[in-house]
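Undergrad: no sequence on this one, just coordinates:
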């Protein structure tokens, strides 16, 4: 009974009108609560990881564009060539991020 109470409390499932009474029901309820927590954690972790990787990709793109601007200024790159290279870099990183959309 104490294990059932602690798992029910920790998983924030609550104590509703219908509750487990026999040992087998309590064991089944504990198993389902643990599965629910694991499922929720997996989904939340996946979403967090996806958002973080998208942010890192955006940082990398910005770094490359800053480097390109510095390079273009240093070697006096023509503006048309600069725009064409920048467009290529942006398209390349947009293709890599399409799986997120």
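TA: The structure has been received and is ready for your questions. Predicted model, so just to flag it, every value in this text is computed and none were measured. Numbers count the residues shown, from 1 in each chain.
Undergrad: When you work out contacts or count neighbours from here on, use the C-alpha atoms and nothing else.
TA: Will do.
Undergrad: and residue 2, how many neighbours?
TA: Using other C-alpha atoms under 10 Å, the number of residues around residue 2 comes to 7.
Undergrad: What distance do you get for it to residue 8?
TA: In this view, residue 2 and residue 8 are 10 Å apart by C-alpha to C-alpha, to the nearest Å.
Undergrad: and the helix or strand containing residue 31, what does it pack onto?
TA: Under DSSP states H and E, the secondary-structure element containing residue 31 is helix 23-74. Helix 23-74 sits against helix 2-10, helix 79-97, with contacts defined as 3 or more C-alpha pairs under 8 Å, 6 or more residues apart in numbering; DSSP states H and E.
Undergrad: among the helices and strands of the chain, which has the poorest mean pLDDT?
TA: When the helices and strands of the chain are scored by mean pLDDT, DSSP states H and E, helix 2-10 comes last with a mean of 75.
Undergrad: Just want the angle from it to helix 23-74.
TA: Relative orientation of helix 2-10 with respect to helix 23-74: 40 degrees, computed using axes from the mean of the first three to the mean of the last three C-alpha atoms, to 10 degrees.
Undergrad: before we move on, the earlier item: I'd like to know which of the helices and strands packed on helix 23-74 is closest to residue 73.
TA: When the helices and strands packed on helix 23-74 are ranked by proximity to residue 73, the top entry is helix 79-97, at 9.6 Å, counting by C-alpha to C-alpha.
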